[in-house]
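Visitor: generate coordinates for the sequence data below:
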Amino acid sequence: MNIKNFKLNTKIIAFGLASVLLYSCGDPKPTEGETGDDLADTDTVKAVALNVGGELFSVPSPMQTAILIQKSGVAYDKAILNAGNKNGQYASDYTKSLNLGIYGADLGYVSMYNQTQDAIGYLSAVKNLADKLGVSAAFDQSTMKRINDNISNKDSMLMLVGIAYRASDAYLKTNKRTEISSLILTGGWIESMHFSVMAYNKKPTDEIKYRIAEQKQALGSIVRLIKSHNLPDAAELVTQLEDLSKIYEGITTKYNFVEPTTDEVKKTTYINSTTEITISKEQIEQIAAKVLAIRDKIINAKS
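Guide: Numbers count the residues shown, from 1 in each chain. This is a model prediction of the structure:
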């Protein structure tokens, strides 16, 4: 049976981040005629999960945010991305992993806007850091060829980037390097938050505002995920993320349960419950400032 979320108005938003999608083992191939709307329903853009010590951590995909920003009418802005040619300055596995996550989100962003030339540069940055981290085996020759062959096809690129990152995550899990995978996910989440606050500054829509507000749950997962590995290099990052969590504590939510409805003919169940979120302009400004500080520390690292 299919499950679909009820379409919300601009005053109310349901938490979509509670749903967890495990990385698939398959290798879905993009088909002709796929659109951005089609991609919104694929595993390339949904929440991703990491199992550490028996606990499941759910983190939203940066693609969710990139799609929302593009649909809101915010213009493409390369200036908000981490410069691809900086990838060589990251020396430690810690900084390489976080910035691989950031570059992965950037690659998704430029692909979403169909910026072919920029996509080539970010694909190179991603591949370079993956090589240095020893996860290049996950980016097999066949997948890389398909990415290169479809570099100018937005829909295919988004699908293939998702495939490559699932393969990378599976490789890291198999080789018991979940701390690397955790840092990659964290970097991607931080970059998607950066996209959101920068987009809101340009065009303060309710949709983007609620996307920022609903990250409270994901942030909790990120903090627990990083702390679970007890990484000495991550001590300052954890402190900064916990400071961000304190800002989110002031954001209030109210869950409104409504009985789901089922269309027996279409065999589809519609979830009608909603969650109201209250967030002020001052809180968004505080979140934006803290996200910027965290991101600047990561992308300007030289060790």
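
Visitor: C-alpha only now, for contacts and for neighbours.
Guide: OK.

Visitor: pick out the residue closest to the middle of the protein.
Guide: Nearest residue to the geometric centre of the chain (C-alpha atoms, centre = their mean): residue 62, 2.3 Å.

Visitor: next one: that residue from residue 233, what distance?
Guide: 24 Å (C-alpha to C-alpha, to the nearest Å).

Visitor: over to residue 281?
Guide: 33 Å.

Visitor: helices of the stretch 151-300 of the chain, residue ranges please.
Guide: Applying DSSP state H, counting those that start in this stretch to the stretch 151-300 of the chain gives helices spanning 154-174, 178-202, 206-213, 216-227, 235-248, 281-299.

Visitor: what confidence value was assigned to the nearest residue to residue 233 once chain neighbours are set aside?
Guide: Using C-alpha to C-alpha, 6 or more residues apart in numbering and skipping the chain neighbours, the partner closest in space to residue 233 is residue 94 (6.9 Å). With respect to pLDDT, residue 94 scores 96.

Visitor: tell me the bridge partners for residue 268.
Guide: Residue 268 has these beta-bridge partners by DSSP bridges: residue 2, residue 263.

Visitor: follow-up on the earlier one: go through the helices of the stretch 151-300 of the chain and pick out the most buried.
Guide: Between those, helix 178-202 has the highest mean count of neighbours, a mean of 23, where neighbours are mean count of other C-alpha atoms under 10 Å.

Visitor: what sits up against that helix?
Guide: 50, 52, 59-62, 65-66, 69, 74, 80, 93-94, 97-106, 169, 172-173, 208-209, 211-212, 222, 225-226, 229, 284, 288, 291-292, 294-295 (C-alpha atoms under 8 Å, 6 or more residues apart in numbering).

Visitor: ok, stretch 98-115 next?
Guide: Contacts of stretch 98-115 (C-alpha under 8 Å, 6+ apart): 62-63, 66-67, 70, 76, 78, 81-82, 84, 87, 116, 118-119, 122-123, 125-126, 129-130, 152-155, 157-158, 161, 183-192, 298-299.

Visitor: how about residue 177, phi and psi?
Guide: Main-chain dihedrals, residue 177, degrees, to the nearest 10: phi -120, psi 50.

Visitor: what is the neighbour count of it?
Guide: 13 (other C-alpha atoms under 10 Å).

Visitor: over to residue 271?
Guide: Counted with other C-alpha under 10 Å, residue 271 comes out at 18.

Visitor: please apply the same query to the one 3 residues further on.
Guide: Using other C-alpha under 10 Å as the criterion, residue 274 is surrounded by 19 other residues.

Visitor: what pLDDT does it get?
Guide: For residue 274, the model assigns a pLDDT of 77.

Visitor: so where is the chain shaky, pLDDT-wise?
Guide: Along the chain, segments meeting pLDDT under 70 span 1-60, 136-141, 143-144, 147, 154, 156-173, 175.

Visitor: again, only using 50
Guide: 1-45 (pLDDT under 50).

Visitor: return the distance of stretch 113-131 from the chain's centre.
Guide: 16 Å (C-alpha atoms, centre = their mean, to the nearest Å).

Visitor: in CSV, list the C-alpha atoms belonging to it.
Guide: Coordinates of each C-alpha in stretch 113-131 appear next as CSV, following Å, rounded to 0.1, in the frame of the first residue of the first chain:
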residue,chain,number,x,y,z
TYR,A,113,20.0,23.9,-11.1
ASN,A,114,21.5,22.1,-14.1
GLN,A,115,24.8,23.9,-13.8
THR,A,116,26.9,21.5,-15.9
GLN,A,117,30.3,23.2,-15.7
ASP,A,118,30.1,23.7,-12.0
ALA,A,119,28.9,20.1,-11.6
ILE,A,120,32.1,18.9,-13.2
GLY,A,121,34.2,20.8,-10.8
TYR,A,122,32.3,19.6,-7.7
LEU,A,123,32.3,16.0,-9.0
SER,A,124,36.1,16.3,-9.2
ALA,A,125,36.3,17.6,-5.6
VAL,A,126,34.1,14.8,-4.4
LYS,A,127,36.2,12.1,-6.2
ASN,A,128,39.5,13.6,-4.9
LEU,A,129,38.4,13.5,-1.2
ALA,A,130,36.9,10.1,-1.7
ASP,A,131,40.2,8.8,-3.0
